[in-house]
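> With the sequence up front, the predicted model follows.
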Amino acid sequence: MDSLSRRTLLKGLSAAAVAGAAGSALGCSAKTTTSSSGRIGADILPTFVQAGNAEPALKSASPLGMSGYFEYPPNPVAAVSKPPLPGGQVSALTYTFDPVAPGKSGNPLWQEVDKRLGGKLDITYAPAADYAQRFATTVAGGDLPDLVSIYGSVQQLPALLKAKFTDLTEYLSGDAVKDYPNLAGLSTDSWRKTVYGNALWGVPIARVPIPSVAWIRADLVAGTGLPAQPKNVGEFKALLKGLTNERKSRWACGDPGSTLTMIAASLGIPGTWIEDGGKFTSNIELEEYEKALADTRELADAGVFHPDGLVASNNQRNDWFTNGTTPIVFGGYAGWSKYEMWGAEVPGFKLGSLAMFGYDATSKPLHPRGSAAQAFTAVTQAEPDRVREVLRVLDWLAAPFGSSEYLLRNFGIEGQTFKFEGKEPILNSRGQNLRLVPFGYVSGPTLAIYDPGRRDVTQARFDYQEAALPILAPDPTQGLYSETDAAKGLQLGKGLTDARNGILAGRAPVSSWKEAVTKWRNGGGDKIRAEYQQAFSEAGPK
């Protein structure tokens, strides 16, 4: 955040509670980690109690996993027996990854949500890419809504939470969460993101911790003789080279950076940080990382990447994938259904995914790990009765798959925004638009795997999850907080990304990576390391 932005924030907060929010960046980005006191004891976390009674067709073997459903349970009933907001009003600030939805006055779905809540839920939101500025401006202004999404990196976050928001420990810790049964159904790991200073400061937006997938146009690979599921890096390289035909304006992939990440994972390189005996090492310092960089440079020299791949937006890359310009794209696991939807208009389109492979026969691959919570929603300081009322609204929004609340939030009103075809709720074009109100980024349940009318897609999503979860890279920073990472991580990450891109573009040799790492260390990387090590040591046994 530049000095002007910091001065703006200082108008609204004491110097001890300055918030500097920013979104994540490619590479070693800063992230909102958790408790400043270090790893989190089980006693502070809410008791987990399964929410809802929908019987899944596919049940995950992992507590981190999502259940899969082939149909929506018939005759859905309300998970919350009475309106949680009788005659009241709750305001929220959040983010979205979707286009702007029609406002409440022209949105019968939102109006029906208010009706079932018994009051008014007013949501102000911004695109995720712009949320940092909206958050900073709102905090600086001092007039906070009842609910505020904490998303991305936030400087001095523990101090900000204590200054402006409610310590929810007495309301949600342990068995106290059972007063809010739908919140009790959120995964234990997702709550870790909300813990700072041994206190609970929000309600998590729970996610399965699988950040991304390598998608492949299976229809474009079929019949080529190329390995559609590479078993090692050699086969992966052969696939990329075989899919490339520059004369036909086709390149295998438009994302060299994510290709590097996949090759690094094939070498068993863990996540951003590796802990050994209390000492932390960044993955970028490993010899294996430089090896992965050299392999990716080899692919770049072979011309397998789109010429604009290093500077393209994700939207551009997705367009290239859909129209066949690049048959491989890396995208969020949570966006699986969107890729199916985009491809529905393309004749012959068939979506596939690349399973994680080892570098060679001796390698044990790891799958990159995401967060078990995308963000969390903090409750602005208020009297206890008001806090409980706001939590009841969050609990209603977290009603799980199979409930009538879930059906309303995700599909809308039968006959207006969707209709049942057999047991499947099928959205119409109006519903696709009206449902974009970002209720789920204010509060939501543990997600379910469900694609109406597409059992094959549900099965494919579930199978990928079950293969990925057992090999997720460990994250020793879970439950730790580094102020330097929050303040400078994005800036430092950009320097690394620039250096990496220079190598992949052929402007610098692979050997120059060591210089970039040294610059990262001297610029703040070593300080981040020291802060994580100290927090890890202070936390003691987990």
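Received, thanks. Numbering: from 1, shown residues only.
> Can you point out the helix or strand that includes the residue nearest to the spatial centre of the chain?
Nearest to the mean C-alpha position of the chain, by CA atoms, centre = their mean, lies Gln374 at 4.4 Å. Secondary-structure assignment from DSSP states H and E places Gln374 in strand 373-379.
> per-domain residue ranges of this protein.
Split into domains by automatic domain parsing, the chain comes to 3-209+372-471, 213-368+482-539.
> in the chain, what residue sits furthest out from the centroid?
Arg247 (37.2 Å).
> Mind checking what secondary structure Asp122 has?
Of the three states, Asp122 takes strand according to DSSP: H, G, I helix; E, B strand; the rest coil.
> Who are the contact partners of the residue lying closest to it once chain neighbours are set aside?
Nearest non-adjacent residue to Asp122, counting by CB to CB, 6 or more residues apart in numbering: Ser91, 4.8 Å away. C-betas here are computed from N, CA, C, even on glycine. Ser91 makes contact with 122-124, 145-147, according to CB atoms under 8 Å, 6 or more residues apart in numbering.
> Could you do Gly502 as well?
Per CB under 8 Å, 6+ apart, neighbours of Gly502: 508, 512.
> May I see the buried residues of the helix or strand where it lies?
Under the criterion of DSSP H and E, Gly502 resides in helix 483-504. Across helix 483-504, burial judged by 16 or more other CB atoms under 10 Å covers 483-490, 492-493, 495-497, 499-504.
> how close does the closest residue to Trp320 other than its chain neighbours get to Gly335?
Nearest residue to Trp320, sequence neighbours excluded (CB to CB, 6+ apart): Thr326, at 4.2 Å. For Thr326, the distance to Gly335 equals 17 Å [CB to CB, to the nearest Å].
> These two - which one has more neighbours?
For the pair Thr326 and Gly335, the greater number of neighbours falls to Thr326 (28 against 17), based on other CB atoms under 10 Å.
> so where do the helices sit in the stretch 251-400 of the chain?
Assigned by DSSP state H, counting those that start in this stretch, the stretch 251-400 of the chain shows helices spanning 256-266, 287-301, 314-323, 336-343, 384-397.
> Including mean neighbour count, could those helices go into TSV?
As requested, the helices of the stretch 251-400 of the chain are exported to TSV (neighbours: other CB atoms under 10 Å):
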stretch	mean neighbour count
helix 256-266	23
helix 287-301	18
helix 314-323	17
helix 336-343	17
helix 384-397	20
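> helices or strands next to the strand holding Gln374 in the packing?
Packing partners of strand 373-379 (3 or more CB pairs under 8 Å, 6 or more residues apart in numbering; DSSP states H and E): strand 89-96, strand 147-150, helix 188-191, strand 203-206, helix 384-397, helix 439-442.
> Okay, Ala399 and Gln465: tell me how far apart.
The value you get for Ala399 to Gln465, if CB to CB is used, is 23 Å.
> More neighbours: which of those two?
Ala399 (26 against 22).
> residue contacts, that one?
Counted by CB under 8 Å, 6+ apart, Ala399 has contacts 51-52, 78-80, 182, 405-406, 409, 445.
> Of those residues, just say which sits nearest to Glu421.
Closest approach between the contacts of Ala399 and Glu421, by CB to CB: Tyr406, at 18.3 Å.
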